[in-house]
Structures are given as structure tokens and as C-alpha cells.
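A.B. asks: using only what follows, build the 3D model:
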Amino acid sequence: MIETLIVEDERLLAEAHAQYVGRVPGFGAAGTVHSGRAALEAVLRGGIDLVLLDFRLPDMTGLDVCRTLRAQGADVDVIAVTSASDAQSVRAAVAHGIVLYLIKPFAFAAFREKLESYAAYRERLGADGETAQHEVDQAFAALRTSSGGPLPKGLSHDTLAIVVEALKAAGAERSAGEVAQAAGMARVTARRYLELLADRGVVERRPRYGGAGRPEHCYRLTG
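C.D. replies: The predicted structure is shown next:
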């Protein structure tokens with residue numbers, strides 16, 4: 001169970017986020033606090049794996065909370081859950097080791113996706129000890145991949161991450177065959193993942209005309 005602390009100054013919103021946490025398998029709400037000082041006290045007592053941290057707190061900023069935690073030697077992971085959407089705040093979050101960033105307001109599906117990405121990241125890193133390069137790559141790919149929730153039976157997060165990375169590396173639209181060649185997998189496999197991503201709005205899908213026969217679908221990452 002990933003014990004999760006919710007840090008949010010609006011009490012009703014904190015309760016809602018705690019309920020959201022309880023709906024995601026593998027996560028448990030360890031408590032809700034409404035100030036930076038209370039967050040520091042809760043984490044330093046121990047037993048917290050993950051902090052869902054608002055940036056705009058009544059007594060200090062979320063970044064101040066992160067600085068103090070690191071100075072105290074706390075290695076708890078932090079996901080920013082905040083209305084702060086300016087580029088400076090996002091860059092500062094990255095600089096302070098915040099693993100994911102969720103901008104308010106959001107639907108439960110977006111919240112669940114962030115937590116599931118984080119859980120996949122933890123799973124890929126596994127226990128303490130030496131890790132191979134491909135294990136590190138897969139762990140960080142889990143944080144970058146936006147898949148929109150649990151995968152259908154027979155699909156894997158690792159393969160999904162490979163397909164997404166192939167599209168990112170291409171920097172342009174690609175057919176299922178082109179993605180398959182770049183990713184080193186069968187065309188039918190690549191197409192299945194691409195269609196899933198298209199259905200979830202992660203990639204754009206459009207027909208490519210040219211030559212005889214039916215048009216070929218091409219895919220490009222949105223955003």
C-alpha cells in the first residue's frame with residue numbers, strides 16, 4: 001500500500017482528494033493536513049510514501065515544504081496538485097524533484113492516471129539495490145507516459161511506453177508500420193497500442209492518402 005498524505009488548505013477539497021486516493025487500487029490516504037508546517041510534521045513522523053502537495057498554503061509555499069523536507073533528509077516522493085500553472089512554478093517543481101504535476105481543476109480520471117503512473121514508476125525501480133539502464137529507462141518512461149488509466153487485458157505499460165517513445169523520437173506523424181519498425185515489434189502490436197492511445201486522446205489519428213487501395217492511418221502525439 002502506498003501511504004499518501006494530502007496537503008491542501010481547502011478542507012473540502014482535501015477530503016475530496018482523500019476520497020480519490022481511496023478509489024485508486026494500491027493507494028491509501030494516510031491523512032489530510034492544511035498547512036506546510038503540519039505537512040512537515042506528518043512526513044517527519046514517518047510512514048508516508050507519497051505527498052500530494054498544494055503549492056499555495058497559508059503559512060509557506062509548497063516549494064518551501066519540499067526544500068525543508070530535503071534538508072531534513074526525507075526522501076518521500078511528491079506530486080504537485082495545484083492551480084499554479086505558470087512556467088516558473090513548473091520549472092521550480094522539477095528542480096525540487098517533484099515527480100509529477102497535476103493542475104487544478106481536474107477530473108478523477110486525470111488524478112487516477114497520475115497515481116497509476118507513479119505506482120508503475122515505483123514498481124519498475126523495485127527494491128533498493130543496483131538497477132540496469134533499461135530498468136531506469138522504463139521507470140522514467142512510466143512517469144512520462146499518459147495512458148489514461150488501466151490497460152486492457154493483454155497490453156503492458158512497458159510496451160505502451162516504447163510506442164510513445166517511438167512517436168516522440170519521430171517528431172512527426174507515423175503509420176503503425178513505421179512505429180513498429182522503429183520500436184522493433186510487429187505491426188499489428190503497434191497498431192493495437194496506437195489505436196488505444198488514439199481512443200484516449202493521447203495521439204491524433206488521421207488517414208494518409210496516396211497510391212492505390214484504402215488510405216493508411218497515421219498517428220501523432222497530441223500537444
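
A.B. asks: wait, a strand at residue 120?
C.D. replies: No - Residue 120: not assigned to a strand; according to DSSP: H, G, I helix; E, B strand; the rest coil it is helix.

A.B. asks: report how many residues lie close to it.
C.D. replies: 21 (other Cβ atoms under 10 Å). The way it works is simple: take the backbone N, C-alpha and C, and place the C-beta from them, glycine included.

A.B. asks: same check, this time on residue 47
C.D. replies: Applying other Cβ under 10 Å, I find that residue 47 has 11 neighbouring residues.

A.B. asks: I'd assumed residue 5 was in contact with it.
C.D. replies: No - counting by Cβ atoms under 8 Å, residue 47 stays clear of residue 5, with 9.2 Å between them.

A.B. asks: which neighbours do these two share?
C.D. replies: residue 30 (Cβ atoms under 8 Å, 6 or more residues apart in numbering).

A.B. asks: who touches stretch 31-40?
C.D. replies: Stretch 31-40 is contacted by residues 5-11, 14-15, 17-18, 42, 51, 53, 57-62, 64-65, 68-69, 72 when judged by Cβ under 8 Å, 6+ apart.

A.B. asks: what residues of it count as buried?
C.D. replies: 31-36, 38-40 (16 or more other Cβ atoms under 10 Å).

A.B. asks: identify, from those residues, the entry nearest to residue 205.
C.D. replies: Of all the buried residues of stretch 31-40, residue 205 sits closest to residue 32, with 40.8 Å by Cβ to Cβ.

A.B. asks: now do the helix or strand hosting the closest one, average pLDDT.
C.D. replies: Following DSSP states H and E, one finds residue 32 within strand 27-33. For strand 27-33, mean pLDDT is 96.

A.B. asks: now tell me which helix or strand of this protein has the poorest mean pLDDT.
C.D. replies: helix 133-144 (a mean of 62; mean pLDDT, DSSP states H and E).

A.B. asks: which SSE is immediately downstream of it?
C.D. replies: Next element after helix 133-144 (DSSP H and E): helix 157-170.

A.B. asks: quick one on the thing from earlier: got CSV for the buried residues of stretch 31-40, with distance to residue 105 too?
C.D. replies: Shown next, in CSV, are the buried residues of stretch 31-40 (distance: Cβ to Cβ, whole Å):
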residue, distance to residue 105
31, 23
32, 18
33, 21
34, 19
35, 22
36, 22
38, 24
39, 22
40, 27
